[in-house]
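[1] I would like the atomic coordinates for the input below:
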Amino acid sequence: QVLLQESGPGLVKPGETLSVTCTVTGATITTSASTWNWVRQVPGKGLEWMGVINYRGATYYSPSLKSRISISRDTSRGQFSLQLSSMTPEDTAVYYCNARLARGAMNYWGQGTQVTVSS
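    Got it, this is the predicted structure:
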């Protein structure tokens, strides 16, 4: 069974950098044809894809976030992480990690972590 678990700070101040980590069990983040995504949902809006790191370690980001986002991984720990800089209240959202395995044939989600940006 593939499980994803996000861990984040809950509360971030404006201007700070958000760091959220996704711990993966039941799958390996270097498995061929797998991609590991970050997605968020702002209150009252739909899901927003933020970026991805693939099994080779290549990253791709949403153009709207490209100047502020970084995704990395720690293969020894089975984790991948999101960093989003210059946080504003508009970044308040539930942040989800997502795994797409076997070229998307299998799709898994974490339960999400609420991040609030407030001073």
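
[2] only C-alpha atoms for contact and neighbour calcs from this point on.
    Will do.

[3] centroid-nearest residue for this protein?
    Central residue check for the chain by Cα atoms, centre = their mean: the C-alpha nearest the mean position is that of Trp38, 2.8 Å away.

[4] verify the stated contact: that one with Gly51.
    Yes - applying Cα atoms under 8 Å, one finds Trp38 in contact with Gly51, separated by 5.5 Å.

[5] partners of the residue nearest to the centre of the chain in the sheet?
    Following DSSP bridges, Trp38 is listed with bridge partners Gly51, Cys97.

[6] mind checking how far Ser70 is from Cys97?
    Taking Cα to Cα, to the nearest Å as the measure, Ser70 falls 14 Å from Cys97.

[7] neighbour count for the two, which is higher?
    More crowded of Ser70 and Cys97, by other Cα atoms under 10 Å: Cys97, with 27 against 20.

[8] can you tell me how far the more buried one is from Ser118?
    Distance, Cys97 to Ser118, by Cα to Cα: 23 Å.

[9] cool, Ser32 as well?
    40 Å.

[10] now do the same for Arg100: helix, strand or coil?
    Counting by DSSP: H, G, I helix; E, B strand; the rest coil, the backbone at Arg100 sits in strand.

[11] host element of the residue lying closest to it once chain neighbours are set aside?
    Excluding the flanking residues, the one nearest Arg100 by Cα to Cα, 6 or more residues apart in numbering is Asn107, at 4.6 Å. Here Asn107, judged by DSSP states H and E, is contained in strand 106-109.

[12] after that strand, which helix or strand is next?
    strand 113-117.
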